[in-house]
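Undergrad: the amino acid sequence is not available; the structure is as follows:
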């Protein structure tokens, strides 16, 4: 799937196809969206990419608080 520009706007079904999940799962995952009204949500590619980056586990990302907590809890106590 070609995502195009970072400001490209996707539907729930397009995001689901990209992530290989069911459309309902996109909402359950609480991926950031633009709410245009009743049953009309749209997703910016850059927002989905940022959300995915925040979900990355074990990638050594400095912003990953789960990894920081795990590393801190495994430090030897003197």
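TA: Structure received. Nothing here was measured: the structure is a model prediction, and the numbers come from that model. Numbers count the residues shown, from 1 in each chain.
Undergrad: for the protein, which spans come out with low pLDDT?
TA: In the predicted model, the chain carries pLDDT under 70 at residues 1-3, 59-78.
Undergrad: list the buried residues of the longest helix along it.
TA: Ordering each helix of the chain by length in residues (DSSP state H) puts helix 45-55 first. Neighbour counts over helix 45-55 (16 or more other CB atoms under 10 Å) mark 45, 47-48, 51 as buried. No exception for glycine: its C-beta is placed from N, CA and C like everyone else's.
Undergrad: now the residues you listed as TSV including distance to residue 34?
TA: What follows is the buried residues of helix 45-55, written out as TSV (distance: CB to CB, whole Å):
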residue	distance to residue 34
45	12
47	8
48	12
51	13
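Undergrad: out of the residues you listed, which comes closest to residue 33?
TA: Distance to residue 33, by CB to CB, is smallest for residue 47 among those, at 7.5 Å.
Undergrad: that closest one touches residue 15, doesn't it?
TA: No: under the contact definition of CB atoms under 8 Å, residue 47 does not touch residue 15, with a separation of 9.9 Å.
Undergrad: intersection of neighbour lists for those two?
TA: Counting by CB atoms under 8 Å, 6 or more residues apart in numbering, the residues touching both residue 47 and residue 15 are residue 31.
Undergrad: now do the longest helix of the chain: which elements does it pack against?
TA: The helices and strands touching helix 45-55, judged by 3 or more CB pairs under 8 Å, 6 or more residues apart in numbering; DSSP states H and E, are strand 9-10, helix 12-19.
Undergrad: what comes into contact with the shortest one?
TA: What that stands for is strand 9-10. Contacts of strand 9-10 with the rest of the structure, by CB under 8 Å, 6+ apart, involve 18, 34, 42-45, 48.
Undergrad: make a markdown table from the helices and strands packed on helix 45-55 and add mean neighbour count and distance to residue 38 to it.
TA: As requested, these are arranged in a markdown table below (neighbours: other CB atoms under 10 Å; distance: least, CB to CB, whole Å):
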| stretch | mean neighbour count | distance to residue 38 |
| --- | --- | --- |
| strand 9-10 | 18 | 18 |
| helix 12-19 | 18 | 14 |
